[in-house]
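Undergrad: make a model of this:
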Amino acid sequence: TVVHGHIERRDDGAAVTLATGGHPPALLIRADGSSRFLSAPGGQLVGAFPRARFTAVDVLLEPGDTLLLYSDGLTEARVHGRVRYSEERLRTDLAGLAPATASTVIEAVTGLLAGFGDGVEDDTALLALSIPGGDRE
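TA: Below is the predicted model of the structure:
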């Protein structure tokens, strides 16, 4: 899988474009505590097809927002024996962090991975981007 991003700084945050080829959807955590996956359906695995399609999604990150990119080693880890961790479980486990910094989100996910122990069967890459601001009251 592949993900390619373009970030453009704006006065009110950053405009982000993510182009993907079969990559798991990025998780957007808004400063207000809401979250959603940024899916770009239709992107195909790199090298699997002679004429693969790549799709893109755009988002504006505002103060206090964080964007998490991760590889499938995270969401395909096994927890409680044979049960696979999932994207929705990731979203639930990160609820309550907002507004969060990139380092806070990475620390939380690293803690989750450590708790999986031998359930992590694949390499896991993490990248988080955040926009300063959106302090908790």
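
Undergrad: quick one, strands of this structure?
TA: 2-10, 13-21, 26-29, 35-38, 55-61, 66-70, 78-79, 83-84, 126-130 (DSSP state E).

Undergrad: who does the fifth one pair up with?
TA: Read it as strand 55-61. Under the criterion DSSP bridges, strand 55-61 sits next to strand 13-21 (antiparallel) in its sheet.

Undergrad: go through the partner strand and flag the buried ones.
TA: Using 16 or more other C-beta atoms under 10 Å as the test for burial, strand 13-21 gives Gly13, Ala14, Val16, Leu18, Ala19, Thr20, Gly21. Using the backbone N, CA and C atoms, a C-beta is placed for each residue, glycine as well.

Undergrad: stretch 20-35 now?
TA: 20-31, 35.

Undergrad: also stretch 105-124?
TA: For stretch 105-124, burial by neighbour count (16+ other C-beta under 10 Å) applies to Val105, Ile106, Ala108, Val109, Leu112, Leu113, Phe116, Gly119, Val120, Thr124.

Undergrad: strand 66-70 and the lengthiest helix in the chain, what's the angle between them?
TA: Secondary structure assigned by DSSP state H gives helix 102-116 as the longest helix of the chain. Orientation check (axes from the mean of the first three to the mean of the last three C-alpha atoms, to 10 degrees): helix 102-116 against strand 66-70 gives 40 degrees.
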